[in-house]
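Chemist: Structure, please.
(chains A, B, C and D)
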Protein chains: 2
Amino acid sequence: MGRTSTAKEKLITSAIELIGNRSYNAVGVQELCDHSGVKKGSFYHFFPSKRDLTLEAIDTMWAKFKEQMLDPIFNSDIKAFEKFNVLMNKAYEYQSAAKECTGCVTGCGMGNLALELSTQDEIIRQKIEQIFEEWAQYFEDVIVDAVNEGDLSVDTDPRSTAQAILAYMEGVSLMGKTFNDPTMLSRLGEVMIQLCISKKNISLEDNM
Amino acid sequence: MGRTSTAKEKLITSAIELIGNRSYNAVGVQELCDHSGVKKGSFYHFFPSKRDLTLEAIDTMWAKFKEQMLDPIFNSDIKAFEKFNVLMNKAYEYQSAAKECTGCVTGCGMGNLALELSTQDEIIRQKIEQIFEEWAQYFEDVIVDAVNEGDLSVDTDPRSTAQAILAYMEGVSLMGKTFNDPTMLSRLGEVMIQLCISKKNISLEDNM
DNA sequence: ATATTATTTGACCAACTAGTCAACTATAAG
DNA sequence: CTTATAGTTGACTAGTTGGTCAAATAATAT
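Modeler: Okay, the predicted model is just below:
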């Protein structure tokens, strides 16, 4: 009963957009309200605090990212390692579009919030940690498959390798944002799969 | 003439510490003053704005990092790739100490500021871009040496490889901060050198 | 000793911050 | 058609933000 509202969704959408393009601390409640055409009183009707809106925005970001990026790619039957390349390519396209549209490479929304808030808000830190864990699980599954199919050495540590790939993707996003250059993503993305090659399989001595 | 002062240095030191542990936007001018025992009037005697203090703090951070970390390691005559491992190990020790002392893995001060401010302050973005460029140059020189000495394939692109390694280090720092776990640095650091192995030298097909 | 000048001080400001609240309004369900 | 209730509104805090300034002070070079 009572009336219905789209204010909550609009606020979450605005939070993703505004905080994604700038930062948590650089975006105020008032601006969030103005941008979504919601009055401040309504804001606090739906969210106890700006931080709670952010928590929900993170959930929405992650859900959309899984639905639009990870699931389609990692449920497809393309070759294991190719999946990483496809994902990196999508990231490149996304950042290119962001630069085209706003003038700025915005980087990874999760990584941005993680670095800004991890030491200041334990709840947000834990939420992003859990998301990174889930994200790396997508990678780990693919790596396990590759090991089972003999495409990767049995010495491979799937969990660490998956985390290494995620770390690298985050690092490349950080560089792309810092250089404000989306091509960084495609250029540095090419060597990503090398992180999968087990040290014991291809020992350095063979190449040095 | 006139009196001398240590206020400027104290403010820079406080900025590195406070902003390093939290974030640019989370630390105010008042707190910076309180922490360094300087009155706000003195702050603005030495710096036209908080952002100008930050600019100088970034310079100081970088100078110290080069002097205490990069120069000793990269001017030593240890084996090329070993240098990367030594640096990563130092990073691990630093983050361990940070966690021991403050309870938090703080990550890389440059990366933190880069992600927080790149889309908001073009001058700071450019400053960190230039620092990353310089930083990668240390790596590139080592890679070029390794290629010349036959330790690395001639197909290696030294600049991109150097940037890839820097990206990876930043990504690993980000993960360490997000998981608030310094051991992430040592665990993920181990595979870093694989980014040096040229794709053409060790083609994926050989391992898949 | 003095004049010069760098530094210090604390009071001050306007703008903004996150957040509150009581009154008002629209609507969905009975 | 009423009533219960969900949502809206705008005025309102109290505290903080980055930044200003004129006057006081201390040290230095002469």
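Chemist: What are the boundaries of the helices in chain A?
Modeler: Under the criterion DSSP state H, chain A contains helices at A:7-21, A:29-36, A:40-46, A:50-65, A:71-74, A:80-102, A:109-117, A:122-148, A:158-178, A:183-189.
Chemist: quick one: contacts for A:Met169?
Modeler: Each residue near A:Met169 by Cβ atoms under 8 Å, 6 or more residues apart in numbering or on different chains is listed here: A:Leu87, A:Met88, A:Ala91, A:Cys108, A:Met192, B:Gly171. Quick note: C-beta positions are derived from backbone N, CA and C, even for glycine.
Chemist: Return the item of the residues you listed having minimum pLDDT.
Modeler: Ranked by pLDDT, the contacts of A:Met169 bottom out at A:Met192 (93).
Chemist: A:Met88 is in contact with that one, correct?
Modeler: Yes. Between A:Met192 and A:Met88 there is a contact under Cβ atoms under 8 Å: 6.1 Å.
Chemist: Show me whatever sits in contact with both of those two.
Modeler: Common neighbours of A:Met192 and A:Met88, using Cβ under 8 Å, 6+ apart, are A:Met169, A:Val172.
Chemist: count of neighbours near the residue of chain A found nearest DNA strand D?
Modeler: Nearest to DNA strand D, among the residues of chain A, is A:Gly2, at 1.7 Å (Cβ to the nearest atom of the strand). Neighbour count of A:Gly2, defined by other Cβ atoms under 10 Å in any protein chain shown: 4.
Chemist: Likewise for A:Ala97?
Modeler: A:Ala97 has 11 neighbours, counted by other Cβ under 10 Å.
Chemist: And A:Lys83, by the same measure?
Modeler: A:Lys83 has 19 nearby residues by other Cβ under 10 Å.
Chemist: Surely it touches A:Asp71?
Modeler: No. Taking contacts as Cβ under 8 Å, A:Lys83 lies outside contact range of A:Asp71: 11.6 Å.
Chemist: What residue, apart from its backbone neighbours, is nearest the residue of chain A found nearest chain B spatially?
Modeler: Using Cβ to the nearest Cβ, A:Gly171 is the residue of chain A that sits closest to chain B, at 2.6 Å. Spatial nearest neighbour of A:Gly171, excluding adjacent residues (Cβ to Cβ, 6 or more residues apart in numbering or on different chains): B:Gly171 at 2.6 Å.
Chemist: Spit out the contact partners of the one you found.
Modeler: A:Leu166, A:Ala167, A:Tyr168, A:Met169, A:Glu170, A:Gly171, A:Val172, A:Leu174 are the contacts of B:Gly171 under Cβ under 8 Å, 6+ apart.
Chemist: residues in chain A within reach of DNA strand C, list them.
Modeler: Taking Cβ under 7 Å from any atom of the strand as the contact definition, chain A meets DNA strand C at A:1-4, A:27-31, A:40-41, A:43-44, A:48-51.
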